[in-house]
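> Take this sequence and fold it.
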Amino acid sequence: MGHFVNIAMKPADLSYALARLGWTQVTFAEYSGYDRRTIGRWTRGESAIPLLVERHLDLLLAIRDRLP
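Down below sits the predicted model:
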């Protein structure tokens, strides 16, 4: 049976995703409900980015890419 490897989102990936959405860390904090200091820790690599955040950003980017 195969094993799944969870490759966590990296801080640079988070920063890139926010830039593609046109969001600052503060904007993301307002929309997501996470504290802006937590998001800062994620972007600096001081804390792991939750898988749920990664999945939500993936979904938001997919929706954005389909808009005219």
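
> And the helix or strand hosting R41, what does it pack against?
Assessed by DSSP states H and E, R41 sits inside helix 36-44. For helix 36-44, the contact count by 3 or more CB pairs under 8 Å, 6 or more residues apart in numbering; DSSP states H and E identifies helix 11-21, helix 25-32 as packing neighbours. All C-beta spots, glycine's among them, are computed from the backbone N, C-alpha and C.

> where does E46 land in three-state SS?
Under the three-state scheme (DSSP: H, G, I helix; E, B strand; the rest coil), E46 adopts coil.

> show me where pLDDT drops low in the chain?
Low-confidence regions of the chain, defined by pLDDT under 70, span residues 1-7.

> contact partners of the top helix by length along it?
Among the elements of type helix in the chain, defined by DSSP state H, the one spanning the most residues is helix 51-66. Residues from elsewhere that reach helix 51-66, judged by CB atoms under 8 Å, 6 or more residues apart in numbering: 6, 8-9, 13-14, 17-18, 20-21, 32, 34, 42.

> if you set the cut-off to 6 Å instead, what comes out?
Applying CB atoms under 6 Å, 6 or more residues apart in numbering, the external contacts of helix 51-66 come out as 9, 17.

> could you dump the helices and strands packed on helix 36-44 to TSV with distance to L67 and mean neighbour count?
Listed next are these as TSV, based on distance: least, CB to CB, whole Å; neighbours: other CB atoms under 10 Å:
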stretch	distance to L67	mean neighbour count
helix 11-21	12	15
helix 25-32	17	15
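
> out of those helices, nearest to S47?
When these are ranked by proximity to S47, the top entry is helix 11-21, at 9.6 Å, counting by CB to CB.

> Work out the gap between the closest one and the centre of the chain.
Chain-centre distance of helix 11-21: 7 Å, with CA atoms, centre = their mean, to the nearest Å.

> Which strands or helices does it pack on?
In terms of contacts (3 or more CB pairs under 6 Å, 6 or more residues apart in numbering; DSSP states H and E), helix 11-21 is packed against helix 36-44.
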